[in-house]
Each structure stands twice: as structure tokens, then as C-alpha cells.
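Visitor: sequence first, then the predicted structure:
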Amino acid sequence: MRILHAGVIILIFKFLYTLSLIFICFGLIMGNLSIPEQISKIVTSPDYLIADYLEIAGIGGAFLNSGLLMLTFTLLLKFIRISPSGVSIAAVMTIGGFALFGKNVFNVWPIVLGVFLYTFLIGENMKTYLYVAYFGTALAPFTTHLVISKGFDMIGFLMVIFVGFLLPPLASFSLTLHRGYNLYNVGFTAGILGMILGALLKAYNLEPPEQFYWHTENQVLLSIFIYAIFFFILTFGLKLNNWTLNGYKNLLKYSGKLITDFPLLENEAVTFINIGILGLFGTTYVLMIGSSLNGPTIGGIMTLAGFGAFGKHPKNIAPVIIGILIGAITNAQPMNSASMVLAVLFGTTLAPIAGEFGIFWGIIAGFLHSALVLNTSFLHHGLNLYNNGLSGGLIAIFLIPLIEAAKVLSKNTMKQLKIIFRR
């Protein structure tokens with residue numbers, strides 16, 4: 001694993017700044033004079049799953065919110081003097097994606113403050129749990145629900161800070177359960193915590209009602225914008241790589257198991273190529289099956305592409321996607337339904353299983369995920385935005401021991417057969 005030199009660090013910062021500013025400018029242009037009203041709607045509306053900000057407030061407010069959050073969290077990296085790498089790209093792009101359907105400029109901060117409070121009280125450096133804070137914003141809907149919807153005001157704000165406070169120790173333990181085969185480790189942690197908190201809310205009749213906002217308009221405009229973003233990233237990577245794919249095959253050899261940081265393990269050029277390829281694939285898939293580009297699906301594409309810097313690549317996501325598609329074709333859910341589209345985009349969290357154990361087990365993981373993910377959201381009432389992270393963690397915990405047992409059984413069976421044939 002190499003150490004990133006100053007030029008690469010500056011390059012990653014420039015990439016994140018540029019992406020943020022593109023989203024901000026697009027949002028301002030599309031929102032025009034209605035931007036203040038749209039941002040107000042985003043901040044005050046319930047934002048548990050599924051709350052598509054494009055449908056709730058408008059394209060302008062949604063993309064401005066996304067760009068501002070990406071910019072703010074990138075500046076926070078700079079402020080804390082973090083040397084950005086693949087995990088930084090994955091974290092910021094995931095935040096930007098979910099800022100189109102659940103995270104906003106208000107509701108993320110109690111979670112972040114809670115994580116930082118824990119870090120301070122145990123005497124650790126802020127850098128230690130920084131990415132737990134970033135990914136922990138999966139629980140941001142608790143802020144809106146408790147502070148605004150239920151009117152707990154400052155008490156609700158403090159309650160969500162306490163939720164963030166619980167995340168670091170839980171995240172560290174969660175990693176030992178799935179052993180790095182679920183890339184959305186904090187999503188799994190947030191799901192477990194959200195499940196317990198959701199049960200408490202329901203016990204006191206404080207759980208949120210179901211909601212479903214799904215934008216289906218402006219498809220030509222959104223297609224052009226998203227394709228342009230990832231075509232630019234792919235072109236940028238190719239330029240850095242002297243307009244070749246040299247070295248990209250090396251990236252495909254990694255299983256993707258946590259922690260697989262591509263800029264550190266390979267280089268920034270092939271990392272950006274991978275991000276661009278995954279983003280273009282995700283966009284094409286959504287449109288090809290007749291679904292819509294909107295807050296949730298663009299959020300899924302951003303997350304898929306972001307983790308192209310931190311574990312995912314075409315080789316290890318393909319078997320998982322095939323498994324999910326088999327589930328979508330054979331189960332009661334239409335392939336282009338919201339749940340199945342998002343399962344394909346976010347279910348690639350299980351890519352390390354395919355990368356480590358092969359195509360067959362990757363397909364099995366994807367197939368099981370296509371069923372389980374339909375039954376996990378109600379446990380936390382949609383208040384954990386990373387529902388696929390919860391499902392992925394449970395699948396990994398279930399499947400990894402069985403895979404290892406199957407390998408032992410296969411090995412011992414072969415030994416026994418050899419003994420029998422020798423006789």
C-alpha cells in the first residue's frame with residue numbers, strides 16, 4: 001500500500017470540490033428564485049424512506065442541498081487535516097447521493113456532533129471516527145422526526161446527538177460480525193441501532209407513518225446531467241492514465257473486502273476510471289429497465305460510483321447484481337419497482353463476497369438480498385437511510401459461516417472419495 005503524495009491529495013480535493021460546485025450550480029440554475037422555498041421544504045419535510053427531494057421540493061433545491069453537503073463535508077476533511085483517499089471519495093459521494101433523498105443541511109449535524117462528542121470524551125483524535133460520523137448520517141431522519149415532526153425541539157436535538165454518540169463503539173463491533181464482507185458497515189450499524197430506536201418509538205406511538213415520494217419527470221434533463229458527470233469523471237481518469245486502461249486489470253483483482261482503498265492500493269487514475277464506469281453503468285441500468293432517474297436512484301448511482309474508489313468494481317459487483325436480478329425476475333416485485341431498482345444499486349455492498357468466494361456465492365448473496373431487503377425497512381420505520389446496508393450485513397453474517405462450512409465439507413468429501421477409490 002503506497003502513501004499518497006501531496007499532488008494526489010490536492011487532486012482528490014479538487015475532484016470533490018469540482019463535483020460539489022457542479023451540483024450547486026446546477027441546483028441554483030434549476031431552482032432560480034424559488035430556491036429559498038425549496039430548501040425550506042427539504043429541511044422541514046419528513047425525510048425517512050422514501051422521501052425524494054426532487055418530488056418534495058424540486059430539482060433545484062435537491063441538487064443545491066446535495067452540493068452544499070458535499071462541499072461542507074469536503075471542507076471538514078480539510079479543516080481536520082485529513083489526507084483524502086478512496087474512503088473520502090466514497091463518503092462524500094454517498095452523502096451527496098443521499099442528500100437527494102433524506103439528508104439535508106440541517107438534519108445531519110446532531111449525528112456528527114454525537115460522534116465527535118464520543119471521540120472527545122474517550123480522548124481520541126477526531127480523525128479516528130470521522131468516517132463513522134460521515135456514514136452515520138444515515139440516521140439523519142431522526143433529527144427531522146424528533147425535532148420538527150414531533151416537536152421535541154432542543155430535547156429532540158440532544159436525543160439525536162446521543163444517537164450519534166452510540167455509533168462509534170457499535171460500528172467497531174459490527175465490523176467483527178460480517179468481517180468486512182458488507183461494504184456499508186456503518187449502514188449495518190445504523191440499521192441495528194435504528195431497529196432498536198424504532199421499536200422504542202413504536203412503543204410510545206411516536207413512529208412515523210409510511211411515505212413514498214418518487215419523482216418521474218424531467219428524465220431527459222436528468223439523464224444528460226448524470227451522464228455528463230460520469231463521462232467527465234471517466235475522461236478525467238483516462239487523461240491521468242495517458243488515455244489508456246493500463247493498470248485497470250490490477251484493480252479488478254481485489255476482492256473489495258474492507259478495507260480496499262484503490263487510490264492507496266493502485267493509483268488515482270484507474271480509480272477515477274472505475275468511478276466513471278460504475279456511474280455510467282448505474283445510470284444506464286436505471287434507464288434501460290424503464291425506471292426513473294430521481295433522488296433515490298441518483299443517490300444509488302452516486303453511492304455505487306463513490307465506492308468505486310473503495311472496494312467495488314465491475315468484476316465483483318456483477319455476480320451480486322445477477323443474483324438480485326434473478327430474485328427480481330422470480331419474485332412478486334416488478335424488476336423496475338423502487339425496491340428492486342434500489343436493491344441492484346445499493347445491494348452491491350455485498351461485492352466482497354463475490355470477489356472473495358467467486359461468482360456462485362456472489363449470485364447467492366444477491367438473490368438472498370433481493371428478498372431480505374424487502375423486509376428490513378419496517379424494523380427501523382425507514383429512519384435508517386442505509387436500509388441495504390442493514391440487509392447486506394445480515395446476509396453476510398448468515399452466509400459467510402455457511403460458505404466456510406461448505407469449503408470444509410467439500411475438502412473433506414474429496415479426501416474421503418480419494419480414500420474410497422484407492423481401496
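Guide: Good, I have the coordinates.

Visitor: when you work out contacts or count neighbours from here on, use the C-alpha atoms and nothing else.
Guide: Will do.

Visitor: could you pull out the buried residues of the helix of greatest length in the chain?
Guide: Selection of the longest helix in the chain by residue count, based on DSSP state H, yields helix 387-422. Residues of helix 387-422 classed as buried: 387-397, 399-400 (neighbour count, 16 or more other Cα atoms under 10 Å).

Visitor: so which of the residues you listed is the closest to Ala62?
Guide: For the buried residues of helix 387-422, the minimum distance to Ala62 (Cα to Cα) is 20.9 Å, reached by Asn387.

Visitor: retrieve the pLDDT associated with the most centrally placed residue in the chain.
Guide: Using Cα atoms, centre = their mean, the residue of the chain that lies closest to the mean C-alpha position is Thr303, 4.4 Å off. Looking at Thr303, its pLDDT stands at 98.

Visitor: quick one, what contacts it?
Guide: 90, 93-94, 97, 346 (Cα atoms under 8 Å, 6 or more residues apart in numbering).

Visitor: pLDDT of the host helix or strand of Met154, averaged?
Guide: Element membership for Met154, per DSSP states H and E: helix 153-178. The average pLDDT within helix 153-178 is 95.

Visitor: next one: stretch 96-107
Guide: 97.

Visitor: now do the end-to-end distance for that stretch.
Guide: 14 Å (Cα to Cα, to the nearest Å).

Visitor: got the buried residues for that stretch?
Guide: By neighbour count with 16+ other Cα under 10 Å, stretch 96-107 contains the buried residues 96-105, 107.

Visitor: what does stretch 279-291 give?
Guide: Those would be 279-283, 285-286, 291, for stretch 279-291 by 16+ other Cα under 10 Å.

Visitor: which residues does that stretch contact?
Guide: Against stretch 279-291 from outside (Cα under 8 Å, 6+ apart): 223, 226-227, 230-231, 292-293, 297-298, 301-302, 304-305, 335-338, 341, 345.

Visitor: do that again at 7 Å, thanks
Guide: 227, 230, 292-293, 301-302, 304-305, 336, 345 (Cα atoms under 7 Å, 6 or more residues apart in numbering).

Visitor: touching, Val115 and Phe135? I think so.
Guide: No - using Cα atoms under 7 Å, Val115 makes no contact with Phe135, being 10.8 Å away.

Visitor: which of those two has more residues huddled nearby?
Guide: A direct count of neighbours by other Cα atoms under 10 Å for Val115 and Phe135 places Val115 higher, at 28 against 22.

Visitor: strands along the stretch 201-350 of the chain, start to end?
Guide: Under the criterion DSSP state E, counting those that start in this stretch, the stretch 201-350 of the chain contains no strands.

Visitor: now Leu49: how far from Phe79?
Guide: Leu49 is 32 Å from Phe79, by Cα to Cα.

Visitor: what's the answer for Leu240, then?
Guide: Taken as Cα to Cα, the span from Leu240 to Phe79 is 27 Å.

Visitor: higher neighbour count, those two?
Guide: The residue with more neighbours, out of Leu240 and Phe79, is Leu240; 16 against 9, by other Cα under 10 Å.

Visitor: confirm that Phe116 sits in a helix.
Guide: Yes - in this structure, Phe116 lies within a helix as judged by DSSP: H, G, I helix; E, B strand; the rest coil.

Visitor: that one against Met126, yeah?
Guide: Yes - using Cα under 7 Å, Phe116 and Met126 qualify as a contacting pair, with a distance of 6.5 Å.

Visitor: neighbour count: these two, which is higher?
Guide: Taking other Cα under 10 Å, Phe116 and Met126 do not tie; Phe116 has more neighbours (24 against 17).

Visitor: report the contact partners of the more buried one.
Guide: Met126.

Visitor: ok, back up a step: what are the buried residues along the helix holding Met154?
Guide: 156-168, 170-171, 174-175, 177-178.

Visitor: the lowest-mean-pLDDT helix or strand in the chain vs helix 153-178, what angle?
Guide: None of the helices or strands of the chain scores lower by mean pLDDT, DSSP states H and E than helix 387-422, at a mean of 86. For helix 387-422 against helix 153-178, the angle by axes from the mean of the first three to the mean of the last three Cα atoms, to 10 degrees is 10 degrees.

Visitor: name the element Leu379 belongs to?
Guide: Residue-wise, Leu379 maps onto helix 377-380 under DSSP H and E.
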